[in-house]
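Novice: Here's a sequence, model it:
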Amino acid sequence: MLAGERHKRIVDLVNTQGFVQVKELAKIFNVSEDSIRKDLKILENKQLITRIHGGATTTRQNVHAYNVADRRNTNTEGKDIIAKKAITLIHNKDVVYLDISTSSLALARLIVKERLEITVLTNMIDIMNLLKDDPYVSLIFIGGHLNHGTDGFVGSATIEMLRDFKYDLAFLGVVGVNMESNTVMTYDIDDGLTKKQIMRNAQASYMLCEHEKCSREGHYIYAALDDFRGFITDTILNDNEEKILISKDVEIL
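Specialist: Residues are numbered from 1 along each chain as shown. So this is what the prediction gives:
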C-alpha cells in the first residue's frame, strides 16, 4: 500500500472512531510502529489529525464564536433535531431551566408549539421574549449582569438569584466537549460559573450538543461529562465517543 493511501485510511479511521492507537495501526497496515508515528506526524502537520500519547485523535479547533448572534443561524437543522429529542423528556407540570444557548432557544420554540403547561426558568433574553406571551408557560426570568455577547444575564448577581430555585430538568448549551479529557467548555468565565450553579440546582442536567462541538475548544471548563444525566446530539456518535459516554453512565439521545 502506498503511503498516500495509508494516510487517507488513517484519517478515515480517526474520524470514524475518534481515536486510534499506534499499535493498532501498525497491525492493520502491517508496518512498523515507527512508520506509523512518522505518518501521524505528517498528518498532524497537515492539520488532519492531532497526535496524543500512544496514538491520534480528531483535530480540535476554537472557532471563537463568542456572540450568540454569530451562532443563532448556524446549523439550525441540527439544533432542531436536538430540540425534538429534548422535548421528549419534558412533561406537563415540570419545572425546567433553559440555559443561554441557541439550542435551548430551539427547544423553547418547540415548547410553544407543543403547548406544554410547564414552568420555565431562563437567563436568556431571546427565550424570555419568546415565552413571555405563551399562556401555557409560567415564566421566571433570572436577571443579573447583562452580557451583551451571550444575550443573557450571568455572573455573581445571577448566581445569587439562582441559589433559591430548584427544578426538575436543566438543559445547557456548550461551546466545546473533549471526550478524552472529560471536559465540557464555554467561552466566558461568568457564563461558566452561572452554568455550574444551574446544574447544582437541577434534579437532572442534559447537555445540548451539536456533534461538531465534540472537536471544538472553549476557554473555561464548567463541567465534566459525568456531571450530566444525558447527552443530546444531532447525529450518530463515533465508536470511541459512545464508549466513553457509556462508561460514565451518561444517557445518549
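Novice: From residue 98, how far out is residue 196?
Specialist: 16 Å (CB to CB, to the nearest Å). All C-beta spots, glycine's among them, are computed from the backbone N, C-alpha and C.
Novice: which stretches of the stretch 151-253 of the chain form strands?
Specialist: 152-154, 167-172, 176-178, 183-186, 202-208, 220-223, 230-232, 251-252 (DSSP state E, counting those that start in this stretch).
Novice: Tell me which of those strands sits most buried.
Specialist: Among the strands of the stretch 151-253 of the chain, strand 152-154 has the highest mean neighbour count (mean count of other CB atoms under 10 Å), at a mean of 26.
Novice: any chance of the strands of the stretch 151-253 of the chain in TSV, plus mean pLDDT and distance to residue 116?
Specialist: Listed next are these as TSV, based on pLDDT from 0 to 100; distance: least, CB to CB, whole Å:
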stretch	mean pLDDT	distance to residue 116
strand 152-154	95	22
strand 167-172	98	12
strand 176-178	92	28
strand 183-186	94	27
strand 202-208	98	16
strand 220-223	96	26
strand 230-232	98	17
strand 251-252	97	21
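Novice: what about residue 117, how many neighbours?
Specialist: Using other CB atoms under 10 Å, residue 117 has 14 neighbouring residues.
Novice: can you pull the contacts of it?
Specialist: 92, 93, 136, 137 (CB atoms under 8 Å, 6 or more residues apart in numbering).
Novice: tell me, how many neighbours does the closest residue to residue 9 other than its chain neighbours end up with?
Specialist: Distance criterion CB to CB, 6 or more residues apart in numbering; nearest residue to residue 9, sequence neighbours excluded, is residue 29 at 7.7 Å. Here the number of neighbours of residue 29 (other CB under 10 Å) works out to 17.
Novice: Correct me if wrong: residue 29 contacts residue 23.
Specialist: No - Residue 29 is beyond contact range of residue 23, at 11.6 Å (criterion: CB atoms under 8 Å).
Novice: sorry, back to before: for residue 57, which of the strands of the stretch 151-253 of the chain is the nearest?
Specialist: Nearest to residue 57 among the strands of the stretch 151-253 of the chain is strand 176-178 (9.2 Å), distances taken as CB to CB.
Novice: residues touching the most centrally placed residue in the chain, list them.
Specialist: By CA atoms, centre = their mean, the mean C-alpha position of the chain lies nearest to residue 209, the distance being 3.2 Å. Residue 209 makes contact with 82, 103, 173, 174, 177, 231, 232, 233 under the criterion CB under 8 Å, 6+ apart.
Novice: Sketch out the low-pLDDT regions of the chain for me.
Specialist: Residue ranges of the chain with pLDDT under 70: 16, 59-75.
Novice: helices or strands next to the longest helix seen in it in the packing?
Specialist: When the chain is parsed with DSSP state H, its longest helix is helix 3-17. Packing partners of helix 3-17 (3 or more CB pairs under 8 Å, 6 or more residues apart in numbering; DSSP states H and E): strand 19-21, helix 22-29, helix 33-45, strand 55-57, helix 239-247.
Novice: tell me the angle of the third one relative to helix 22-29?
Specialist: Here helix 33-45 runs at 100 degrees with respect to helix 22-29, directions being taken by axes from the mean of the first three to the mean of the last three CA atoms, to 10 degrees.
Novice: the more surrounded of residue 196 and residue 98?
Specialist: residue 98 (28 against 15).
Novice: For that one, give its distance to residue 33.
Specialist: Separation of residue 98 from residue 33 (CB to CB) stands at 49 Å.
Novice: State the number of residues packed around the residue nearest to residue 52 when sequence neighbours are not counted.
Specialist: Nearest residue to residue 52 in three dimensions, chain neighbours excluded: residue 180, at 7.2 Å (CB to CB, 6+ apart). A count of nearby residues for residue 180, using other CB under 10 Å, gives 15.
Novice: Residue 180 contacts residue 53, correct?
Specialist: No - contact criterion CB under 8 Å: residue 180 and residue 53 do not qualify, at 10.4 Å.
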